[in-house]
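Student: Sequence first, then the predicted structure:
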Amino acid sequence: MRLDPIRQAQEVRESERTAPRQTGSRAFADALQTAVSRQTAAPAGVEFSKHALERLEQRGIRLDDETLGRLTGAVDRAQAKGSKTSLVLLDQTVFVVGVADRKVVTVADQDSLRERVFTNIDSMVIA
């Protein structure tokens with residue numbers, strides 16, 4: 001039995017509508033998988049900007065594993081509250097952190113706080 005051309009075209013359109021889409025490139029699928037993995041992965045530690053690393057060096061601030069763990073925990077808490085840029089007070093050291101990218105942008109100790117004014121932050125975490 002042969003279908004008429006109109007009926008045949010309708011069946012082809014219906015099968016295309018219900019069939020899973022195939023793409024010629026894996027780039028989009030790979031990018032999507034990477035984005036999903038990042039969202040579901042456990043929070044990472046923190047990174048330091050070049051400026052923050054220079055400030056650590058200039059001011060002789062040393063960070064051990066425990067301090068880095070406390071800083072990471074503070075960033076986790078700021079992120080959970082929806083913060084964008086947070087000032088983290090950890091003992092006598094201040095860290096300004098871009099929460100979304102988990103990057104420390106500057107570091108100051110008590111001796112280097114001249115004006116004691118921080119701008120463009122939306123939260124503070126005392127760790």
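Tutor: On my side now, so go ahead. Residues are numbered from 1 along each chain as shown.
Student: So what's the model's average confidence on the strand or helix carrying Asp76?
Tutor: Under the criterion of DSSP states H and E, Asp76 resides in helix 65-80. What helix 65-80 shows for mean pLDDT is 96.
Student: send the alpha carbons of that helix over as PDB?
Tutor: The C-alpha trace of helix 65-80 is given here as PDB (Å, rounded to 0.1, in the frame of the first residue of the first chain):
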ATOM      1  CA  ASP A  65      46.100  25.200  55.000                       C
ATOM      2  CA  GLU A  66      43.900  25.900  58.000                       C
ATOM      3  CA  THR A  67      43.600  29.600  57.100                       C
ATOM      4  CA  LEU A  68      42.900  28.800  53.400                       C
ATOM      5  CA  GLY A  69      40.200  26.400  54.600                       C
ATOM      6  CA  ARG A  70      38.600  29.000  56.800                       C
ATOM      7  CA  LEU A  71      38.700  31.500  53.900                       C
ATOM      8  CA  THR A  72      37.100  29.000  51.500                       C
ATOM      9  CA  GLY A  73      34.400  28.300  54.100                       C
ATOM     10  CA  ALA A  74      33.700  32.100  54.400                       C
ATOM     11  CA  VAL A  75      33.400  32.400  50.600                       C
ATOM     12  CA  ASP A  76      31.000  29.400  50.600                       C
ATOM     13  CA  ARG A  77      28.800  31.100  53.200                       C
ATOM     14  CA  ALA A  78      28.900  34.400  51.200                       C
ATOM     15  CA  GLN A  79      28.000  32.500  48.000                       C
ATOM     16  CA  ALA A  80      25.100  30.700  49.800                       C
END
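Student: quick one, domains of this protein?
Tutor: 5-40, 47-126 (automatic domain parsing).
Student: quick one: the helices in the protein?
Tutor: Along the chain, the segments classed as helices by DSSP state H run 5-18, 27-40, 50-59, 65-80.
Student: So what touches the last one?
Tutor: Contacts with helix 65-80, where a contact means Cβ atoms under 8 Å, 6 or more residues apart in numbering, come from 43, 45-46, 63, 86, 88, 90-91, 95, 97, 99-100, 102, 104, 123, 125, 127. C-beta here means a position set from N, CA and C on the backbone, and glycine is covered the same way.
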